[in-house]
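Visitor: Sequence and predicted model, in that order:
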Amino acid sequence: MNALVLALLLQAQPAAPAPPPSPAEAHAPAAEAPAEAHAPATRAASESRAPAAEAHASEAADHGGGGPAEVIFHHVTDGPYLWGFFSSKHTVYLFVVAFLVILVAQLAVRSYKGGSVPRGVGAAVESLVLFIRDEVAEPNIGHGDGRKFTPLLCSFFFFILVSALVGLIPGTATSTGNIAVTLALALVSFAAQQWAGISKYGLVGHFHNLVPPGMPWLLLPIMIPVEILGMLTKPFALTVRLFANMLAGHMVITTLLLLIPLMGELNFFAGAAMTPISIVLAVFIMLLEVLVAFIQAYIFTLLTAIFIGMYAHPAH
């Protein structure tokens, strides 16, 4: 549509003034006169179609008509939400996921009242919390410091997990499919990593631990920038890894479903034959996305624990 509008606008532009005709052109056959007589009418028709095309393009943009890819890919695309009441759909579901995580945590805490054994939601949350504390935090950070960072690691795990699971519901959005959200999570992780070293060794001692002891001073101009670069690449790796993995699943589903109209453009029967195949494969990938949600939440939490342990217990 944009190309059509551009073409119509180019046609509607007045032509550059022509140079004066040469004597040979002045004696051209009179049969060319009728064709030239129709040129103003053609330009007038083009000018009348150009505003209509512009109005149609703006109307399509206002209604968000972006084709089947945009409809299927709505989980990770961002934009105004709920008739423009909210400026960002990902921001809305970020708060929705945060509310759900807090609600589940409160339900789990209430299940312990009265000294009863937790069941249902409380038992499920307890098992995940114990797994993060015993298998992620303490082995990688230490028995003393692991418990201190367990609440932060649990917050990362449950937020990323619930965000990915909510994003699988039709009509919703995956907030961790937005690189700004994953960057914010990575920056919180980076702050925790630096705090783990600074709180234990002090500001000077923390940065002194970045350089291996006993290193020749001639290598310091090389090692110090390398260590600082390695410190900054950790949050970058967390950001890109989580964002790319959340985006990849939706891209695969979109590609599989778009094979239906693509084959339909070639042949009606090819599109009809491709429909069940694409739907079955897309459903399989969506079921696989449930597993990916747990895996990515675990990997982000595990890497954060490993990075915190590197600064809390530097080993050179």
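Guide: All right, it came through fine.
Visitor: only C-alpha atoms for contact and neighbour calcs from this point on.
Guide: Noted.
Visitor: Excluding chain neighbours, give the residue nearest to residue 253 in space.
Guide: What sits nearest to residue 253 in space, not counting adjacent residues and going by Cα to Cα, 6 or more residues apart in numbering, is residue 282, at 5.2 Å.
Visitor: can you check residue 160 too?
Guide: Nearest residue to residue 160, sequence neighbours excluded (Cα to Cα, 6+ apart): residue 297, at 5.3 Å.
Visitor: again with residue 157
Guide: Leaving out its chain neighbours, the residue that sits closest to residue 157 by Cα to Cα, 6+ apart is residue 297, at 4.9 Å.
Visitor: any idea which element that neighbour lies in?
Guide: Secondary structure assigned from DSSP states H and E places residue 297 in helix 268-312.
Visitor: Packing partners of that helix?
Guide: helix 138-141, helix 143-166, helix 179-208, helix 220-266 (3 or more Cα pairs under 8 Å, 6 or more residues apart in numbering; DSSP states H and E).
Visitor: Show me what the last one is packed up against.
Guide: Translated: helix 220-266. helix 67-72, helix 179-208, helix 268-312.
Visitor: redo that, cut-off 6 Å
Guide: If you count contacts as 3 or more Cα pairs under 6 Å, 6 or more residues apart in numbering; DSSP states H and E, helix 220-266 packs onto helix 179-208, helix 268-312.
Visitor: Show me the shaky parts of the chain.
Guide: Along the chain, segments meeting pLDDT under 70 span 1-77, 315-316.
Visitor: Now do the same contact list for the residue nearest to residue 160.
Guide: Applying Cα atoms under 6 Å, 6 or more residues apart in numbering to residue 297 gives the contacts 157, 160-161.
Visitor: change it to 10 Å
Guide: The contact partners of residue 297, taken as Cα atoms under 10 Å, 6 or more residues apart in numbering, are 153-154, 156-164, 242.
Visitor: ok, residue 102 - contacts?
Guide: Listed by Cα under 10 Å, 6+ apart, the contact partners of residue 102 are 108, 155, 158-159.
Visitor: among these, who's most crowded?
Guide: residue 158 (25 neighbours; other Cα atoms under 10 Å).
Visitor: about what we covered before: looking at the contacts of residue 297, which is nearest residue 126?
Guide: Closest approach between the contacts of residue 297 and residue 126, by Cα to Cα: residue 154, at 10.8 Å.
Visitor: got a list of what the closest one touches?
Guide: Contacts of residue 154 by Cα under 10 Å, 6+ apart are 125, 128-133, 137, 160, 297-298, 301.
Visitor: separation between it and residue 278?
Guide: 37 Å (Cα to Cα, to the nearest Å).
Visitor: quick revisit: now distance to residue 185 too, for the contacts of residue 102, in a markdown table please.
Guide: Shown next, in a markdown table, are the contacts of residue 102 (distance: Cα to Cα, whole Å):
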| residue | distance to residue 185 |
| --- | --- |
| 108 | 24 |
| 155 | 10 |
| 158 | 12 |
| 159 | 10 |
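Visitor: out of those residues, who's nearest residue 121?
Guide: residue 108 (6.1 Å).
Visitor: give me every residue that touches the closest one.
Guide: The contact partners of residue 108, by Cα under 10 Å, 6+ apart, come to 102, 118-126.
Visitor: Pull out the buried residues from stretch 204-224.
Guide: By 16 or more other Cα atoms under 10 Å, the buried positions in stretch 204-224 come out as 206-207, 209-211, 223.
Visitor: If you could redo that for stretch 304-316, that was the one I meant.
Guide: Using 16+ other Cα under 10 Å as the test for burial, stretch 304-316 gives 304-313.
Visitor: picking up where we left off before, kindly give a single PyMOL line that selects the buried subset of the contacts of residue 154.
Guide: Selection of the buried residues among the contacts of residue 154 in PyMOL, burial being defined by 16+ other Cα under 10 Å:
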select buried, resi 125+129+132+133+137+160+297+298+301
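Visitor: Any chance of CSV for the contacts of residue 154, columns distance to residue 228?
Guide: Shown next, in CSV, are the contacts of residue 154 (distance: Cα to Cα, whole Å):
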residue, distance to residue 228
125, 37
128, 34
129, 33
130, 34
131, 32
132, 29
133, 29
137, 25
160, 28
297, 27
298, 26
301, 22
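Visitor: thinking again about what came up before, quick one: closest of the helices and strands packed on helix 220-266 to residue 253.
Guide: Once the helices and strands packed on helix 220-266 are compared by Cα to Cα, helix 268-312 is nearest, at 5.2 Å.
Visitor: now the closest one against helix 143-166, angle please.
Guide: For helix 268-312 against helix 143-166, the angle by axes from the mean of the first three to the mean of the last three Cα atoms, to 10 degrees is 160 degrees.
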